[in-house]
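Participant: Mind looking at a prediction? Sequence and model below.
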Amino acid sequence: MIRLSGAGAFEIAARVIPTFRADPPRTAHYAAFRDASGALLDRGIYLVFPGPRSETGEDVVEFQCHGGLSVPARLVAAIEAAGARPAHPGEFTRRAVTNGKLDLLQAEALGDLIDAEAPAQAAAALTQLEGGLSRRIGELRAALIELLALLAYDVDFPEEDDGPVSRDRIEAARAAVAAGVERLLGTAPLAERVRRGALVVLAGPPNAGKSSLFNALLGRERALVTEVAGTTRDAIEAHVDFHGWPIRLVDTAGLGETSDRIEALGQEMSRRFADGADLVVVCDDGSAGGRLGDSAIGRLVVRTKADLGGEGEGLPVSALTGEGLPELKRAIVERLFQRGAGFADLEPALTRERHREALTGAREALARTAEQLGPGGESVLAAHHVQEAVRALDSLVGSVDVEEVLDRVFSSFCVGK
Amino acid sequence: MDQYDVIVIGGGHAGAEAARAAAATGVRTLLLTQNLETIGQMSCNPAIGGIAKGTVVREVDALGGIMGRATDRAMIQFRMLNRSKGPAVWSPRAQCDRGLYRRAVRHLLEREARLSFAQGTAVELLLDAGAIVGARTREGHTFAARAIVVTAGTFLRGRIHLGLDSGVGAGRAGDPPSVELSQAIAKYGLTIERFKTGTPPRIDGRSVDLSRFPRQDGDPGGYRFSHHERSAPLPQLPCYLAWAEGAVKEVVAASLGESALYGGEISGRGPRYCPSIEDKIVKFRDAERHQLFLEPEGLETTELYVNGLSTSLPLTVQERMVHAVPGLESARITRPGYAIEYDYLPPTQLHHSLESRAIRRLYFAGQVNGTTGYEEAAGQGLMAGLNAARATRALEPIVLRRDQAMIGVLIDDLVTRGVDEPYRLFTSRAEYRLLLRQDNALRRLLPLAETTGLLGGEELIAAGARLRSEEAVLNLAGTVSIAPIAANPILEAAAGRGVAHPTRVRELARRSGVSLATLLQATGWSGPDESAEWADIELKYEGYLERERAAAGRLETLEDFHLDPQLPYTTFHTLSMEARQKLAANPPGTLGAAGRVPGISPADIQNLVIEVTKWRRNLEHCLAQG
């Protein structure tokens, strides 16, 4: 499919489609596509979307032609010759944002949807794209405006029928919005994990069967496996999904005494990976393990080579027979994503560092607001800090207008003599 | 034919300031009004100042204007609103004697040697090649002028209503409207729309027993709005508090159909913050009672203004309504309340100088621009008069920035955002309200008052000395230390911890509730309290003020980015559709102004910079190619 968007879309399309009609819109038309000399390029379908009711908000024409190498390329060339230019990467999305069809958060989600590998990532991106996060941020902004209105009333309307508004009421409003900010911030670790894929590191002593388990979890031979301890010297990363959840699985060099310099470097790398991991799967065939760093979620101990019998703590798994693998995958998912299969109930969440920084800024500003609502504080300074919180959220979506604040005052209080 | 540089049409609060400002800068100025007796008339409540507005009065005064001086001369009660809420939002307000106020304005205007007065009704604006050349009156007089400031208030096709089928043409009760001038303005392609507002009844003070109401007295002390003159204090009068309760609600609710506002007689929009009693009762049905203020009209009359009872009900209903107020059972109405509908010019048709975009050297100021309030009118009038005078000398207009003056916020809001109800200032409208205080108005505006010629002579010298003495106090606070034995009683009185060692006054004055003047006096300083007010506030808010100044500095870079009037906004495809349409409809003068147009996002502003830069580069390229 070839999409043409912008002010001259219809004129340009008419040069390629001699029978072009903009009416009726959003309807499939069958037509001949021709180049400037009138030579037939293909017969296909085109659809017309007059702005602003189109994906980009501009006039859009979509061409559906036959596939292959030649036909689409010749059609694109003809459209370019008729006055269009190729879109820059992400340009359609950018135009949708500038024309108000998508907000910034939705545009990010669109990028996430396109990049999604695991079904859970796609589901999370779709939730955001549907405006879930924008709505949450919108609710917080509305609560901040309510708070600003209370403060504006306090400062700008000192002699009204309703009398002064109590500090308790203002503080309750502040605490409620601060709690909302906190809740949303709480979604960040999980959501960032879903978007990036959770980093799961297989670690343990040399020759514990990490690479065998790695290959078994992957379902293909990715890591080299031998009986020689210390075969894996580098860390190997592979993207995989367990029950639809995105995992970046890393096989590392075994940790133990070694005189081999390269193996020692590999072990150092293992420690660093383990430090940054969301979950470390400690593989132990019963022999004593080396030191492993703490990770964000912690550790999951498995007893490898369960087919050989053996005793010890941890979930028994066998790369050879497949014993325990489904249980291990489920345990990993539960530990990392706090739920089993199914991600229909994914909540809107902070998926990026940028979101987390904005909400953290709002949290700090609301803490300073609380100080100014206490003894010796001043409403005008409290409002100053609420404005800071608003600006922090503004960086995620649009900006708050003073008229919104005054509208809240006028609809909430009977003001004026 | 009489020849003037600037003619000001209208003698209300905008007109008086416009005429004074123009004349003070040295141009020949005429104040043309329907009735010379009503120059400086307070058409609505007999009070000046209040939240944000009090700061405007101080700014007008800093720029040499007359409102602060006239208020001081007519002040019969003073209150500092928000006194308990921190000095950043202290708001001075005065009840005034209406007659004394009017006389003070007339007296102050007549001090201007370059100002003439003429009674007459302007009916025609004379143009040559799209620019003002004069005005003609109904009486047949033609005045030549190089600039005109229209400050017609609510007079343009004004129509007042009491009940149904009672609409009467009037600019305010007792004065005829101005119909022809409105038509003359519309003829030149300016858009005119309708607003409404209202006023409450007034009553004979001899017909009520004031001892039945709680008194509201003014603050003690000698606050003055004016930085330049210290008029003798007048006897002070109290206001009285009353309440409209259930019985009033019943009368109003039963008669709503007879209200001009609710009976469909009036279509224009009114101000939400100045609602009629009908509005209050309909929109806030659950409110048990509405507060009323009985305000004195003056020293030599007992007449009272019933603030809070604005209405357009028929006189007979107004009588029943007033009598339903506990304590006013036998009150006699001296003047009924009424609603007034009037023409205003949507102010997006103006430049920031308040000059109209359509007609050169035609300026508008005050309620005719869709504002309410004497103070908002005065601020605009002063700037319009100043800029009209400057235009006649081919000088650049003066535009106050949003971080420089409340008047700057007001005018910028008007011309970039427009109005959809009569506009009133609030401190919340100012992004940098900690900078725009009543105590530092002189400091913010004195340099401008000097360079424009709005203030001169001894007053200018005295004002400069006053600022330097305030700075000396701030310096003193930074150098002098106070001993624990002197400091601790002061600190403990403010519920704070004492100190163990001598400490710089500057450090202790930062504490909430601790007065800099008191600390300094404990070290032997003998200056008056008020000379320490500015330094005290600067110390207490230091961190906040620094942040606001830094943010304002960033704003200034946006204000310095000028936007060419001929920019082809509709071709700027990286801007949102809404932004393209709004900017094309009313091209803003600067990037800052563009950012304040409702619906323009920060992303639009970023893209606009890129588009404008590209456009300029192309333009230069084309010019270079010849």
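Facilitator: Yep, that arrived.
Participant: So which residues of the stretch 151-300 of chain B form strands?
Facilitator: B:159-161, B:168-169, B:193-199, B:202-203, B:215-216, B:239-244, B:290-296 (DSSP state E, counting those that start in this stretch).
Participant: likewise the stretch 301-417 of chain A?
Facilitator: Counting by DSSP E, counting those that start in this stretch, the strands of the stretch 301-417 of chain A are A:315-316.
Participant: So, low pLDDT: which residues of it?
Facilitator: Applying pLDDT under 70 to the stretch 301-417 of chain A flags the ranges A:310-312, A:339-345, A:397-417.
Participant: Next, please give the residue ranges for the helices of it.
Facilitator: Counting by DSSP state H, counting those that start in this stretch, one finds helices in the stretch 301-417 of chain A at the ranges A:325-337, A:353-373, A:379-394, A:402-412.
Participant: Contacts for the third one, please.
Facilitator: I take that to be helix A:379-394. For helix A:379-394, the surrounding residues in contact (Cβ atoms under 8 Å, 6 or more residues apart in numbering or on different chains) are A:137, A:140-141, A:144-145, A:147-148, A:151-152, A:154-155, A:170, A:174, A:177, A:181, A:358-359, A:361-362, A:365-366, A:368-369, A:372-373, A:400, B:85-86, B:88-89, B:427-428, B:433-434, B:544, B:602. C-beta here means a position set from N, CA and C on the backbone, and glycine is covered the same way.
Participant: and it with helix A:353-373, angle?
Facilitator: Between helix A:379-394 and helix A:353-373, the angle comes out at 170 degrees (axes from the mean of the first three to the mean of the last three Cα atoms, to 10 degrees).
Participant: The first one too?
Facilitator: Relative orientation of helix A:325-337 and helix A:353-373, computed by the same axes, to 10 degrees: 40 degrees.
Participant: in helix A:325-337, what counts as buried?
Facilitator: Buried residues in helix A:325-337, defined by neighbour count with 16 or more other Cβ atoms under 10 Å in any protein chain shown: A:Leu325, A:Leu328, A:Lys329, A:Ala331, A:Ile332, A:Val333, A:Arg335, A:Leu336, A:Phe337.
Participant: ditto for the second one
Facilitator: Neighbour counts using 16+ other Cβ under 10 Å place A:355-356, A:358-359, A:361-363, A:365-366, A:368-369, A:372-373 of helix A:353-373 among the buried residues.
Participant: Out of those, flag the one nearest to chain B.
Facilitator: If you rank the buried residues of helix A:353-373 by distance to chain B using Cβ to the nearest Cβ, A:Gln372 comes first, at 9.7 Å.
Participant: Wait, the closest one touches A:Leu366, no?
Facilitator: No. Under the criterion of Cβ atoms under 8 Å, A:Gln372 is not in contact with A:Leu366, lying 10.7 Å apart.
Participant: which SS class is the nearest residue to A:Leu129 once chain neighbours are set aside?
Facilitator: Nearest residue to A:Leu129 in three dimensions, chain neighbours excluded: A:Ala109, at 4.1 Å (Cβ to Cβ, 6 or more residues apart in numbering or on different chains). Secondary structure assignment for A:Ala109 (DSSP: H, G, I helix; E, B strand; the rest coil): helix.
Participant: A:Ala109: what's it in contact with?
Facilitator: Contacts of A:Ala109 by Cβ under 8 Å, 6+ apart are A:Ala125, A:Leu126, A:Thr127, A:Gln128, A:Leu129, A:Leu133, A:Thr351.
Participant: for the residue most central in space within chain A, phi and psi?
Facilitator: For chain A, the residue sitting closest to the mean C-alpha position, by Cα atoms, centre = their mean, is A:Thr351 at 3.9 Å. Taking degrees, to the nearest 10, you get phi -100, psi -10 for the backbone angles of A:Thr351.
Participant: Before we move on, what's the pLDDT of the residue of the stretch 501-626 of chain B found nearest chain A?
Facilitator: Distance from chain A to each residue of the stretch 501-626 of chain B (Cβ to the nearest Cβ) is smallest for B:Ser512, at 4.1 Å. With respect to pLDDT, B:Ser512 has a value of 84.
Participant: Can you lay out the contacts of A:Ala109 as a markdown table showing secondary structure and distance to A:Ala118?
Facilitator: Formatted as a markdown table, those follow (DSSP: H, G, I helix; E, B strand; the rest coil; distance: Cβ to Cβ, whole Å):
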| residue | secondary structure | distance to A:Ala118 |
| --- | --- | --- |
| A:Ala125 | helix | 11 |
| A:Leu126 | helix | 13 |
| A:Thr127 | helix | 14 |
| A:Gln128 | helix | 15 |
| A:Leu129 | helix | 16 |
| A:Leu133 | helix | 19 |
| A:Thr351 | coil | 14 |
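Participant: Can you tell me which of the residues you listed is nearest chain B?
Facilitator: Distances from chain B to the contacts of A:Ala109, taken by Cβ to the nearest Cβ, are shortest for A:Leu133, at 17.8 Å.
Participant: ok, the nearest residue to the closest one once chain neighbours are set aside - contacts?
Facilitator: Distances taken as Cβ to Cβ, 6+ apart place A:Pro348 nearest to A:Leu133, at 4.2 Å, with adjacent residues excluded. Neighbouring residues of A:Pro348 by Cβ under 8 Å, 6+ apart: A:Thr127, A:Gln128, A:Gly132, A:Leu133, A:Arg135, A:Arg136, A:Thr187.
Participant: do the same with B:Glu556
Facilitator: By Cβ under 8 Å, 6+ apart, the neighbours of B:Glu556 are B:Arg401, B:Asp403.
Participant: burial count for the residue of the stretch 201-350 of chain A found nearest chain B?
Facilitator: Nearest residue of the stretch 201-350 of chain A to chain B (Cβ to the nearest Cβ) works out as A:Leu350 at 20.5 Å. The burial count assigned to A:Leu350 is 28, neighbours taken as other Cβ atoms under 10 Å in any protein chain shown.
Participant: Leaving out chain neighbours, which residue sits closest to it?
Facilitator: Closest to A:Leu350 by Cβ to Cβ, 6+ apart is A:Ala188, at 4.1 Å.
Participant: Alright, that wraps it up for me.
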